[in-house]
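>>> Take a look and give me a structure for this.
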Amino acid sequence: IATNHTVKSLAKIACLSESQFKVLFKEHLGCTPNTNITDLRMQAALGLILNTDTPITIVAERCGYDNVSAFIRRFSSFYHQTPHKLRCNNQNMKQPIIS
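Below you'll find the predicted structure:
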């Protein structure tokens, strides 16, 4: 996930042309390679954000984003809130309610 894959590099690994790779990928998985990579990266990021205290900049790097702002924009559009806000909300829910 951290590797910066391109359709060209993936097609080369699969020993297919780019167009063949894209057609077969969509046929078998129902989405484009880029959509699939983004989905996998966002799932990995969500796990890191909810289950670790890893800084957002490191989460972005581990999920293949060189630019933390681009990561936050993508994450926000995917999950409809920023990584920081999601982490804070999750941590607040884990805190016991004291009356």
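>>> quick one: buried residues of the longest helix along the chain?
Longest helix in the chain by number of residues (criterion: DSSP state H): helix 33-51. For helix 33-51, burial by neighbour count (16 or more other C-beta atoms under 10 Å) applies to Pro33, Asn36, Ile37, Thr38, Arg41, Met42, Ala44, Ala45, Leu46, Leu48, Ile49. The C-beta positions use only the backbone N, C-alpha and C, and glycine is treated the same way.
>>> Show residues contacting it.
Residues outside helix 33-51 that contact it (C-beta atoms under 8 Å, 6 or more residues apart in numbering): 1, 5, 7, 10, 21-22, 25, 29, 31, 54, 56, 59-60, 62-65, 71, 74-75, 78-79, 83, 86-87, 90.
>>> Which ones among those map onto helices?
If you go by DSSP H, these have 7, 10, 21-22, 25, 29, 56, 59-60, 62, 71, 74-75, 78-79, 83, 86-87, 90 in helices.
>>> Now list the buried members of those residues.
Applying 16+ other C-beta under 10 Å to those flags 7, 10, 21-22, 25, 56, 59-60, 71, 74-75, 83, 86-87 as buried.
>>> Farthest pair within the buried residues of helix 33-51?
Farthest-apart pair in the buried residues of helix 33-51 is Pro33 and Ile49; separation 24.4 Å (C-beta to C-beta).
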